[in-house]
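Asks: need a 3D model of the following:
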Amino acid sequence: MKTPPKILLWLFNALGPDNRADLQGDFFELYDRRVQEKGKFKANLNFFFDLASVIPLAFIMKETINSKPSLLLLATNLKIAKRNIAKNKLHAAINLTGLTISLTVCILITLFVKDELSFDKHFREGETIFRVARKIENGDKHDKHGSAISSYMLKPILEGNLAGIDKITRVDFHSEMIKLTNDKQYLESGVLFVDSTFFDIFSLPFISGDQLTALNDPLSVVLDQETAQKYFGATNAIGKTVGIRGKLFTVTGVIENFPANSHFIGHMLIPLSGVAQWL
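Replies: Have a look, this model is predicted:
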């Protein structure tokens, strides 16, 4: 963009009203167009006359201080920003690209942290649920490691012997070959062997069946909504049977799918008492 001579710029800065910063952009745009259409001499002459015509504005439009920016000021700032972008396209593109990448990364990090902090928050009184882990030492201070897996015998040892425990459940994760009455078979990776107290601790909504008694029978099984639909074509699967290792388990409940932000997922829940011989 063509700019006027320094003397005209000095006059503009000295005589132009301070509260009309957008005037400079208007004058420069008009000057640039006149240079292309009429030549530099006429453009300089017209710039001088235009400048003389706005001198009274410096006396009429006194700058005022307003604690709340007006819409007019906002529009002026937007106009100036637009002109700066048009004048420095490469610099503006670099800044906008950097700003876009930074905001995107911040949003992604925020969503990731929010998702991580939301795990298991859907369980009722989740802050009172604890998972027992173990620490293994082999006599060597450098030979130590931890595990989230503990012994089956831990439950009877803790019950009645450690104050502050309300309920205990064991959970064992398995993959099993499931056989249906129509001879269809599925390899199911989300099979959980649990105690009958599982739903007393993990409050998962039941679609059908009784939460209090769903796991009381050793040959009962509770399916999630997705698995019931996959096996039987409907979520109303109460009374249906599935075969596991030659034993028939009767569906006594259907629950909603585990939320994705759970630290473990189960598609089938079977009482430990019904599979004790396999453990």
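Asks: next up, the contacts around L154.
Replies: 132, 170 (C-beta atoms under 8 Å, 6 or more residues apart in numbering). For glycine as for every other residue, the C-beta is placed from the backbone atoms N, C-alpha and C.
Asks: then the one 10 residues further on?
Replies: Contacts were defined as C-beta under 8 Å, 6+ apart; by that measure G164 touches no other residue.
Asks: does it sit in a helix, a strand or a coil?
Replies: With DSSP: H, G, I helix; E, B strand; the rest coil as the basis, G164 sits in coil.
Asks: how much space separates it from D50?
Replies: Per C-beta to C-beta, to the nearest Å, G164 is found 84 Å from D50.
Asks: ditto for A228
Replies: In terms of C-beta to C-beta, A228 sits 79 Å off from D50.
Asks: looking at these two, which has the bigger crowd around it?
Replies: Using other C-beta atoms under 10 Å as the criterion, A228 and D50 rank with A228 on top: 25 against 16.
Asks: surely the more buried one touches V254?
Replies: Yes. Contact criterion C-beta atoms under 8 Å: A228 and V254 qualify, at 4.9 Å.
Asks: okay, and the common contacts of these two?
Replies: Common neighbours of A228 and V254 (C-beta under 8 Å, 6+ apart) are 235-237.
Asks: now, the residues you listed that are in strands?
Replies: Judged by DSSP state E, strands contain none of those.
Asks: selecting buried members of these in ChimeraX, what would you type?
Replies: The ChimeraX command for the buried members of those (criterion: 16 or more other C-beta atoms under 10 Å) is given here:
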select :235,237
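Asks: nearest to L8, of the shared contacts of A228 and V254?
Replies: Relative to L8, the closest of the shared contacts of A228 and V254 is T235; by C-beta to C-beta it sits at 80.3 Å.
Asks: who's in contact with that closest one?
Replies: T235 neighbours (C-beta under 8 Å, 6+ apart): 207-208, 225, 228-229, 254.
Asks: which one of those residues is nearest to K121?
Replies: Q225 (20.7 Å).
Asks: dump the residue contacts of the closest one.
Replies: Contacts of Q225 (C-beta under 8 Å, 6+ apart): 207, 235, 254-257.
Asks: state the distance from it to L108.
Replies: On the measure of C-beta to C-beta, Q225 and L108 end up 30 Å apart.
Asks: could you do P218 as well?
Replies: 47 Å.
Asks: who's more crowded, the two?
Replies: Neighbour count, other C-beta under 10 Å: between P218 and L108, P218 has more, with 15 against 10.
Asks: go ahead and confirm the more buried one touches T250.
Replies: No. Contact criterion C-beta under 8 Å: P218 and T250 do not qualify, at 10.6 Å.
Asks: mind listing the strands for the stretch 101-250 of the chain?
Replies: With DSSP state E, counting those that start in this stretch as the criterion, the stretch 101-250 of the chain has strands at 134-137, 144-147, 171-179, 185-194, 206-209, 220-224, 241-244, 247-255.
Asks: let's have those in a markdown table, adding mean pLDDT and distance to F28.
Replies: Formatted as a markdown table, the strands of the stretch 101-250 of the chain follow (pLDDT from 0 to 100; distance: least, C-beta to C-beta, whole Å):
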| stretch | mean pLDDT | distance to F28 |
| --- | --- | --- |
| strand 134-137 | 80 | 73 |
| strand 144-147 | 77 | 69 |
| strand 171-179 | 93 | 71 |
| strand 185-194 | 94 | 68 |
| strand 206-209 | 94 | 69 |
| strand 220-224 | 96 | 68 |
| strand 241-244 | 94 | 79 |
| strand 247-255 | 95 | 69 |
